[in-house]
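Asker: Here is the input, now give the coordinates:
(chains A and B)
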Amino acid sequence: MTVRDVILQVAQVLTTLLLAPLLQGVILQFEERVQRGQGPGVFQPYRDLWKLFHKQIVVPDTASWLYWAAPIVAFTTTLTVPILIPVLTNFPLPLSDMGDILGGGLILTLGSFMITLAGLETRSAYGGIGSSRAVMVTILAEPTLILVFVGITLLAKAMLPFVVNHLLVAEPSVYWGPTHLFLVAAFFVLLLVETDRLPIHSNTHIEIYMIDEARILEYSGPMLAVLKWASMMKQFILYTIFSNVLLFPWGLSYRGTPLGVAGSIVALLTKFLVVACVVVVVDTIQSRLRFYRYQEPLAASFLLAILAIVGTQLS
Amino acid sequence: MLAAHLDPLAASLFSLLAVGSLLLSFVMLGSRWLRHYLYAFAAQSWLIALLSAAVGFYGNYSELYIVAILTAAFRGLLLPYLLLRIIRRLKISREVHVILQASSSLVIGAFAVIFALAVSYHIGTALDLAGTVAVLALTVMLSMKLIGFQMLAVRHEAISQILGLLVLENGVFLGAQILVPGMPLLIEIVILFDLLVVVACFGVLVRYLLTHVGTTSSLELKRLVG
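Answerer: Predicted coordinates:
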């Protein structure tokens, strides 16, 4: 363990922290432009956060300590996961072996769980609806997630994201094999579901359609800013796993030199731009599904994960 | 056996095509519109034709190119065209009363695939073929057969049932291409003509049903006559 590695690990967390609002801004801006709107500019999420941090906190009378704990826990979990995954370097850093993919998933789910509790805790009607819907979506998405993990494990014979990354870079036949391609497809559906995109999540801000946002309706000021930032960071983390581990395993720093790290940040932004463009296209051409058809994209994703597992028989 | 020793990229290509056609049979299972089944079936046949050509290329079987062309022409163009004519005449564009919702039948199909996976895994270990394309082809073949059976069982529009039968047959054909690539050309041609006869008979049957029963849904065929 050298000083350089520690600095790199801190840099990974800082990258996630600072670039997450930019990703959100780019997606929203592109969506507006595709739909012939003007758009607020790619830096709008930063301005929103700045504004919220300078506002007053209004606390509901019914709130207990959980109301205060939930945003902090959610923010901390999203700060923890970038330690475990390859954001900038393709070699494990000092604390990267704390947890594998399952561990990262567990930590992210913990944050989501705390927000669900906070939504229920203030006893507002919308918070309850939001929490119950969010839990239902999670229940539908979880089997697929587990199957994707099983597929990755069978593919790479390991659950560490770095091993998967190295394998995909080294073996083109694995990269172009069915297992990997179907895992990418299954994970893409999960990505849409987990980052509040269509076809399940609505992009209009009306309480009736809200799922994840309804849970945080009672928050205001800096607490709301922390929650929003946490959800943007969760999106950034999922995009990182999707592009750095599965879709584009190239373009990460090999030696950890400053130049390499700068290059890998540029590469990361390029990869995210590609994924974000695809997400924008999906968001534009898809209409929101009816509540009782939520299971359909997730059933399709489940199936893709099963097909990926079928493909692992080859190796 | 060709499938037991292939270079990795060819094995990847074969398995991609095989799993792709399995995916298309799930598209058929998950959609409600008859026309979409038909397009998925045509696409699946084209994939299988590509697979035949690829097997012919990597295994140096020149007659497989002819099989590929015949497959694309018969299963990919002629059979879908004939079925499309029947669908146009029927004025039914989708399954109206579904027995199983699309997502439930997808999940049941997925479990059928897991069953096929387990069976072929055991066969593969017993025959000392584990980790080759042969096992994967066996899985895809078995699961396409099971999905075909499932389509026959849970769908009741006559068109869906014939497509279920054709999917079942496509599965067998796909398995045969990878497992026994040296199968004589004559047998392939016989099978193709058999299919043509099946679809032609089916067209006649549909006309009969329309004039005498007034529907092609098997839900209405409850009364015993004769």
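Asker: Give me the contacts around the lowest-mean-pLDDT helix or strand in chain A.
Answerer: None of the helices or strands of chain A scores lower by mean pLDDT, DSSP states H and E than helix A:172-175, at a mean of 80. For helix A:172-175, contacts defined as CB atoms under 8 Å, 6 or more residues apart in numbering or on different chains pick out A:155, A:167-168, A:180, A:249, A:315, B:8-9, B:11-12. From N, CA and C alone the C-beta is placed, and that goes for glycine too.
Asker: going on from that helix, what's the next piece of helix or strand?
Answerer: Downstream of helix A:172-175, the first helix or strand assigned by DSSP states H and E is helix A:178-194.
Asker: then that following helix to PDB, C-alphas only?
Answerer: Listed next in PDB are the C-alpha coordinates belonging to helix A:178-194 (Å, rounded to 0.1, in the frame of the first residue of the first chain):
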ATOM      1  CA  PRO A 178     -23.400 -14.700 -25.800                       C
ATOM      2  CA  THR A 179     -23.000 -14.700 -22.000                       C
ATOM      3  CA  HIS A 180     -21.500 -11.300 -21.900                       C
ATOM      4  CA  LEU A 181     -23.800  -9.700 -24.500                       C
ATOM      5  CA  PHE A 182     -26.900 -11.000 -22.700                       C
ATOM      6  CA  LEU A 183     -25.600  -9.900 -19.400                       C
ATOM      7  CA  VAL A 184     -25.100  -6.400 -20.800                       C
ATOM      8  CA  ALA A 185     -28.700  -6.400 -22.100                       C
ATOM      9  CA  ALA A 186     -30.100  -7.700 -18.800                       C
ATOM     10  CA  PHE A 187     -28.000  -5.100 -16.800                       C
ATOM     11  CA  PHE A 188     -29.200  -2.300 -19.100                       C
ATOM     12  CA  VAL A 189     -32.800  -3.000 -18.200                       C
ATOM     13  CA  LEU A 190     -31.800  -3.000 -14.500                       C
ATOM     14  CA  LEU A 191     -30.000   0.300 -15.100                       C
ATOM     15  CA  LEU A 192     -33.100   1.900 -16.500                       C
ATOM     16  CA  VAL A 193     -35.200   0.600 -13.600                       C
ATOM     17  CA  GLU A 194     -32.700   1.600 -10.900                       C
END
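Asker: Can it be said to contact chain B?
Answerer: Yes - counting by CB under 8 Å from any CB of the partner chain, contacts between helix A:178-194 and chain B involve A:178, A:181-182.
Asker: As a check, name the ranges of all helices in the stretch 1-150 of chain A.
Answerer: Taking DSSP state H, counting those that start in this stretch to define them, one finds helices in the stretch 1-150 of chain A at A:3-34, A:44-53, A:65-84, A:101-121, A:125-156.
Asker: quick one: which of those is nearest chain B?
Answerer: Minimum separation from chain B across the helices of the stretch 1-150 of chain A (CB to the nearest CB) falls at helix A:125-156, 9.2 Å.
Asker: And that closest one, how far out from the chain middle?
Answerer: Here the centre of helix A:125-156 is set off from its chain's centre by 13 Å, with CA atoms, centre = their mean, to the nearest Å.
Asker: low pLDDT regions in the chain?
Answerer: With no chain named, the answer covers chain A. Where chain A drops to pLDDT under 70, the residues are A:1, A:314-315.
Asker: not what I meant, chain B
Answerer: For chain B, the stretches with pLDDT under 70 are B:1-4, B:93, B:95-97, B:226.
Asker: Tell me the residues of it that contact chain A?
Answerer: Counting by CB under 8 Å from any CB, the residues of chain B close to chain A are B:8-9, B:11-13, B:15-16, B:18-20, B:22-23, B:26, B:30, B:102-104, B:106-107, B:109-110, B:113-114, B:117, B:120-121, B:124, B:130-133, B:135-136, B:139-140, B:143.
Asker: Tell me the buried residues within those.
Answerer: Among the residues of chain B next to chain A, those scoring as buried are B:11-13, B:15-16, B:18-20, B:22-23, B:26, B:30, B:102-103, B:106-107, B:109-110, B:113, B:117, B:120, B:124, B:132-133, B:135-136, B:139-140, B:143 (criterion: 16 or more other CB atoms under 10 Å in any protein chain shown).
Asker: picking that back up, so which of the residues of helix A:178-194 next to chain B would you say is closest to A:Pro143?
Answerer: Lowest distance from A:Pro143 to the residues of helix A:178-194 next to chain B (CB to CB) belongs to A:Phe182, with 15.6 Å.
Asker: element containing the most centrally placed residue in chain B, please.
Answerer: Nearest to the mean C-alpha position of chain B, by CA atoms, centre = their mean, lies B:Val167 at 2.1 Å. Assigned by DSSP H and E, B:Val167 belongs to helix B:158-179.
Asker: ok, now which ones touch the closest residue in space to A:Leu52 that isn't next to it in sequence?
Answerer: Nearest-residue entry for A:Leu52: A:Ala225, 3.6 Å, with adjacent residues in sequence omitted and distances by CB to CB, 6 or more residues apart in numbering or on different chains. If a contact means CB under 8 Å, 6+ apart, then A:Ala225 has A:48-49, A:52-53 as its contacts.
Asker: Swap in 6 Å and give it another go.
Answerer: Contacts for A:Ala225 (CB atoms under 6 Å, 6 or more residues apart in numbering or on different chains) come out as A:49, A:52-53.
Asker: So which bits of chain A are right by chain B?
Answerer: A:173, A:176-178, A:295-296, A:299, A:303, A:306-307, A:310-311, A:313-314 (CB under 6 Å from any CB of the partner chain).
Asker: Next one: B:Thr71 from B:Ser21, what distance?
Answerer: 12 Å (CB to CB, to the nearest Å).
Asker: swap in A:Leu198?
Answerer: A:Leu198 is 29 Å from B:Ser21, by CB to CB.
Asker: Name the residue in the two with the higher neighbour count.
Answerer: A direct count of neighbours by other CB atoms under 10 Å in any protein chain shown for A:Leu198 and B:Ser21 places B:Ser21 higher, at 25 against 18.
Asker: wait, doesn't the more buried one sit right on B:Leu47?
Answerer: Yes - proximity of B:Ser21 to B:Leu47 meets the contact threshold set by CB atoms under 6 Å, at 4.6 Å.
Asker: The top helix by length along chain B to helix B:158-179, inter-axis angle?
Answerer: Criterion DSSP state H: the longest helix present in chain B is helix B:185-212. Orientation of helix B:185-212 against helix B:158-179 (axes from the mean of the first three to the mean of the last three CA atoms, to 10 degrees) gives an angle of 170 degrees.
Asker: Tell me the gap between helix B:185-212 and the middle of its chain.
Answerer: That offset, for helix B:185-212, works out to 15 Å (CA atoms, centre = their mean).
Asker: Show me what counts as buried in it.
Answerer: Neighbour counts over helix B:185-212 (16+ other CB under 10 Å) mark B:188, B:191-192, B:195, B:199, B:202-203, B:206, B:209 as buried.
Asker: Using TSV, please lay out the residues you listed together with distance to B:Leu84.
Answerer: Shown next, in TSV, are those (distance: CB to CB, whole Å):
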residue	distance to B:Leu84
B:Glu188	24
B:Ile191	22
B:Leu192	18
B:Leu195	16
B:Val199	11
B:Phe202	13
B:Gly203	11
B:Val206	13
B:Leu209	18
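Asker: Need the residues that contact the helix or strand harbouring B:Ala112.
Answerer: Per DSSP H and E: B:Ala112 is located in helix B:102-126. With contact meaning CB under 6 Å, 6+ apart, helix B:102-126 is reached by A:295-296, A:299, A:303, A:306, A:310, B:26, B:29-30, B:130, B:135, B:138-139, B:142-143, B:146-147.
Asker: Pull the distance from that helix to the chain's centre.
Answerer: Distance, stretch centre to chain centre, for helix B:102-126: 16 Å (CA atoms, centre = their mean).
Asker: Which secondary structure elements does the following helix or strand past that helix sit against?
Answerer: On the C-terminal side of helix B:102-126, the closest following helix or strand by DSSP H and E is helix B:133-154. Contacts defined by 3 or more CB pairs under 6 Å, 6 or more residues apart in numbering or on different chains; DSSP states H and E place helix B:133-154 against helix B:8-30, helix B:102-126, helix B:158-179.
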